[in-house]
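In: this one's sequence-less:
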């Protein structure tokens, strides 16, 4: 993974000329491209852990698995949020771990946490490093040093129970690797977040991840049947069960704990038979309102596809424009927009997966609902285009940053009766705050992740970067959007998690007593407070 | 509700002669019927709360809503578990609350909890009083007295969001009342535990209830979108959201807390459009194994009905025998058993609910799976018979107790690959322990509540009561069955909850560190330890 941005270092850069032209006309781009600095020019403080302490860690792991070289520390200095990228590209991350630890066993994990607690080292669990909310920021809190705990060596598939459709894995395994392993056995996990190619399964559990197909396959926490967390106070091991009424939901407490209570090192996950048929297609709605109503009907009539995404008017226009003159979406857009009364229409992608008969029946029911709601089926090209580019947005973001364009996403969920009002409110708040910064931009949204009672709203905005004030600009918009979300009846996060960025809003989300309950849990499981300080709650739990 | 047993005091008693004959031949019944003592002969200790303390409670609630008369205290002295009934019928409950409190508002609840904490009164939240695991036993723990907090006056529907299919209710509302209210609006909650006619919604949330139609409608915790808990330390109020990634699952922690952290006083619940079609029918499988395999296929192919119940061989024979010579089940049983090679067959009930087209498609897919698995459709009579008697087992239990027959149920859940082995193990353990008591009996089971990765197993056993040693006899079987469940890879409870009866097994279920994490939560939310002492954890948390 590129240390300064997303993905495979071999991935070819390059924004198509028509897209750059579009951006220049609509958003404004920088005078000249601004690439990231070279790795060796990234400035981080010297590591500060006493060598006697490092030696103890080396005794546990073997010296080659305790790394404090410049490159390793830089790679683990940040996640992939907008502020992370701004800082990294400038060669000035907000700190770096003093060392990076690579355990390979449960026993090593136990010993490491004991050693870190004894020696006052903060521990930042690190899976794929894909957090977009500051979840892996190497904060030391009140401790003498901070280490990144990279789980990449604990990535084995441990056991497949083919009868129960459950797989037991080490939490460092990546979603893509497990998906490949399962594919060879006719199975799928069905978890496809945008970070799919890099994200670790432990990270998905720790952050309550929801993939692009969560409408059909469920959120990651629904896949978790059992898990083990290695906490400084001891292991919490919850057996793999389909359901239980044995008291408060301990699985649900550990899922979503974001490394602040301990490190999840094993997971038992529900899998499914791999679909033999996949149909992804496009539908146009006359308006966002019409699309939202149809999506609600789909969810409430149990006729929803596995993937359901509805772009609002601006996002629809943007995706057609950026897809370009040669693309399938472009042709389709031109073919329908204007000539069919959908000049300001909204594009939806519906994806169905399963056995052919099941797909056929479900699709027929869904399209009936869609047509009744005024939806116009526009064939499979938009679906294919979406599938082909479903993991590419982070690459595009890097390109935009090179051209001085700020691009950021944020997301929430709310009940159906509030979806349109919240959409307007958050769009307005982002728009206003960008204007107030003197950098008006484009703000758009899609609805995805359908539930019977509501759905998620995923906002994307682009604006010219405020040179020299990039982080303040981002902070102003983030605060405005977060306030609008909570004032407007949404959750501060539907699937990006809390990390550092949303921590200031947790008390509004779960209340003062809810926060105190979390603190009590933390005090029990992590009495020295070494686990991922500063995340989840604003003051790092204390 | 009858204080000594189940249900409407007007409900006519009477076990049909053929059923009594069958029981006499197979289990053995007492020499003569043994009815419960009269209410006035029930012995409870005088209430022990100082009158100055009671006066303070009366100031909060009004004097008519603080009751310490004999009848009120007896009615709140126990739930509806087997040991509860044995003790109550004999006129010797294991204690009674000193007083019964009937709050009518959130403000009163807050004041009551403050007063009880100050005056060292244990508080037992009381909804429908239907716990079968000792969940409402009036234990005072280390406190000076114990009060039952009856929620029956907080039973209003507060708000219906018809667009989002969410209803906000006070937690004292009963499942049946809400279902009636919703039916008038074309809606349903879809939660039908056997206790449906009496259970409160707050009780369902506090115990992670699962209804008979949970395969289709989901467990109660899936219905809870938001809730408020009044804890001694303060309110925890979680807004109604379809989903969130904002940290550990606080909703899931409060759901399942069984009154030990606080009192749930409001719930936001997901509802559904009421089905316009209901088809309930019977299917015979050659063996339990064949039935389990077919049920697994149904769940994993997403073709499961809303209600799915598979009786093992003995339960099938018993239900046919008890249904009697005149009943539809009896005729059907005779028609098929023997003549179609299903002499030792297993009866399954499949229930489909929804819109006609949806039901038709889902049913066709399900029956295809069933037939491929060797299932023989036997029409709708068994389904109708099951629907007609779905809430009547607790009445039957009272009849059996009158005739000196012990009848008890216990339940678990496990992964599919383990269902048959766990079935054998628990049957064997119960059977052995009944023999060891000198009271061999009948032990049977059904599978219900299907999940993709596993299912629940629900055991019922009948044996002659050991006169004078009824509770020791029960305890011996309970311990043997619980050990077999945990040794065999099941959960100690799938939907009956923990209460008093399963508390000794919680540490095996969630581990020592899991238990300590719960204690930490408890210490924060209920620092004086007044909430439902002795439940959930064996020593009452401390």
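Out: Nice, I can see it. All figures in this text were calculated on a predicted structure; none of them were measured in a lab. Residues are numbered from 1 along each chain as shown, chains lettered A, B, ... in the order given.
In: measure stretch A:127-142 end to end?
Out: By CA to CA, to the nearest Å, the extent of stretch A:127-142 from end to end equals 24 Å.
In: Tell me which residues of that stretch come out buried.
Out: A:127-141 (16 or more other CB atoms under 10 Å in any protein chain shown). (Glycine included, C-beta is placed from N, CA and C.)
In: can you give me how far it is from the chain middle?
Out: Taking CA atoms, centre = their mean, to the nearest Å, the mean C-alpha location of stretch A:127-142 is offset from the chain mean by 13 Å.
In: That one near chain B at all?
Out: No - using CB under 8 Å from any CB of the partner chain, we find that stretch A:127-142 stays clear of chain B, coming within 9.4 Å at best.
In: Do me a favour and average the pLDDT over that stretch.
Out: When the per-residue pLDDT values of stretch A:127-142 are averaged, the result is 97.
In: do stretch A:533-542 as well
Out: For stretch A:533-542, mean pLDDT rounds to 74.
In: which outside residues touch it?
Out: With CB atoms under 8 Å, 6 or more residues apart in numbering or on different chains as the contact definition, stretch A:533-542 has outside contacts at A:122, A:134-135, A:137, A:139-143, A:146, A:257-260, A:498-500, A:503-504, A:506-507, A:515, A:518-519, A:522, A:529, B:247.
In: Domain map for chain A?
Out: A:17-152, A:277-390 (automatic domain parsing).
In: Pick out the shakiest of the ones you listed, pLDDT-wise.
Out: When the domains of chain A are compared by mean pLDDT, domain A:277-390 comes last with a mean of 87.
In: End to end on it, go ahead and measure it.
Out: First residue to last in domain A:277-390 (CA to CA) measures 18 Å.
In: need the residues of the stretch 101-250 of chain A near chain B, please.
Out: Remark: the part of the stretch 101-250 of chain A in contact with chain B comprises A:161, A:163-166, A:207-210, A:219, A:221, A:225, A:231, A:233-250, using CB under 8 Å from any CB.
In: what about 7 Å?
Out: For the stretch 101-250 of chain A, the contact set with chain B under CB under 7 Å from any CB of the partner chain comprises A:161, A:163-166, A:207-208, A:219, A:225, A:231, A:233-238, A:240-250.
In: measure the closest residue to residue A:533 other than its chain neighbours to chain B for me?
Out: Sequence neighbours aside, residue A:141 is the residue nearest to residue A:533 in space, at 2.9 Å (criterion: CB to CB, 6 or more residues apart in numbering or on different chains). Using CB to the nearest CB, to the nearest Å, residue A:141 is found at 18 Å from chain B.
In: Next, give phi and psi for residue A:141.
Out: Dihedral angles of residue A:141 (phi, psi; degrees, to the nearest 10) stand at phi 60, psi -140.
In: Can you get me a residue count around whichever residue of the stretch 251-400 of chain A sits closest to chain B?
Out: For the stretch 251-400 of chain A, the nearest residue to chain B under the criterion CB to the nearest CB is residue A:252, separated by 3.1 Å. Burial measure for residue A:252: 21 neighbouring residues, criterion other CB atoms under 10 Å in any protein chain shown.
In: packing partners for the helix or strand it falls within?
Out: With the criterion set as DSSP states H and E, the secondary-structure element containing residue A:252 is helix A:250-254. The elements that helix A:250-254 packs onto, with contact taken as 3 or more CB pairs under 7 Å, 6 or more residues apart in numbering or on different chains; DSSP states H and E, are strand A:224-231, strand A:234-238.
In: circling back: for the buried residues of stretch A:127-142, which one is nearest chain B?
Out: residue A:133 (9.4 Å).
In: May I have the phi/psi pair for the residue lying closest to the closest one once chain neighbours are set aside?
Out: The shortest distance from residue A:133 to any residue that is not its chain neighbour, by CB to CB, 6+ apart, is 3.2 Å, and that residue is residue A:499. As for residue A:499, its main-chain torsions (degrees, to the nearest 10) stand at phi 50, psi -140.
In: For residue A:499, the count of nearby residues, please.
Out: 24.
In: Could you measure from it over to chain B?
Out: Computed with CB to the nearest CB, the distance linking residue A:499 and chain B is 10 Å.
In: how about the strands of the stretch 201-350 of chain A, start to end?
Out: Counting by DSSP state E, counting those that start in this stretch, the stretch 201-350 of chain A has strands at residues A:224-231, A:234-238, A:263-270, A:272-273, A:277-285, A:307-311, A:346-354.
In: now the stretch 401-542 of chain A
Out: A:405-415, A:442-450, A:454-464.
In: could you dump those to JSON lines with mean pLDDT?
Out: Supplementary listing: the strands of the stretch 401-542 of chain A in JSON lines, determined by pLDDT from 0 to 100:
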{"stretch": "strand A:405-415", "mean pLDDT": "97"}
{"stretch": "strand A:442-450", "mean pLDDT": "97"}
{"stretch": "strand A:454-464", "mean pLDDT": "98"}
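In: In this structure the residue of the stretch 251-400 of chain A closest to chain B contacts residue B:249, no?
Out: Yes - counting by CB atoms under 7 Å, residue A:252 touches residue B:249, with 3.1 Å between them.
In: hang on, residue A:520 packs against residue B:522?
Out: No - at 8.6 Å, residue A:520 and residue B:522 do not qualify as touching, with contact defined as CB under 7 Å.
In: Output the longest helix belonging to chain A.
Out: Scanning chain A for the helix with the most residues, using DSSP state H, yields helix A:506-525.
In: Just want the angle from that helix to strand B:224-231.
Out: Calculated by axes from the mean of the first three to the mean of the last three CA atoms, to 10 degrees, helix A:506-525 forms an angle of 70 degrees with strand B:224-231.
In: Now helix A:506-525: buried residues?
Out: For helix A:506-525, burial by neighbour count (16+ other CB under 10 Å) applies to A:506, A:508-511, A:513-525.
In: again, but for stretch A:388-400
Out: Of the residues in stretch A:388-400, A:389-391, A:394-395, A:397-400 count as buried by neighbour count, 16+ other CB under 10 Å.
In: quick one: which two of those residues are the most distant?
Out: Checking those against each other with CB to CB, the farthest-apart pair comes out as A:390 and A:400, at 18.1 Å.
In: where along the stretch 51-200 of chain A do the strands fall?
Out: Across the stretch 51-200 of chain A, reading from the start of the chain, the strands by DSSP E, counting those that start in this stretch fall at A:66-67, A:99-101, A:121-126, A:145-150, A:157-161, A:166-170, A:187-188.
In: what's the closest of these to residue B:264?
Out: strand A:166-170 (31.8 Å).
In: Flag every buried residue along the closest one.
Out: Counting neighbours by 16+ other CB under 10 Å, strand A:166-170 gives A:166-170 as buried.
In: just stretch A:459-476 next, same as before
Out: Neighbour-count burial for stretch A:459-476 flags A:459-466, A:470, A:473-474, A:476 (criterion: 16+ other CB under 10 Å).
In: With distance to chain B as extra columns, can I get those residues in a markdown table?
Out: Supplementary listing: the buried residues of stretch A:459-476 in a markdown table, determined by distance: CB to the nearest CB, whole Å:
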| residue | distance to chain B |
| --- | --- |
| A:459 | 15 |
| A:460 | 18 |
| A:461 | 20 |
| A:462 | 24 |
| A:463 | 26 |
| A:464 | 30 |
| A:465 | 28 |
| A:466 | 29 |
| A:470 | 26 |
| A:473 | 25 |
| A:474 | 20 |
| A:476 | 22 |
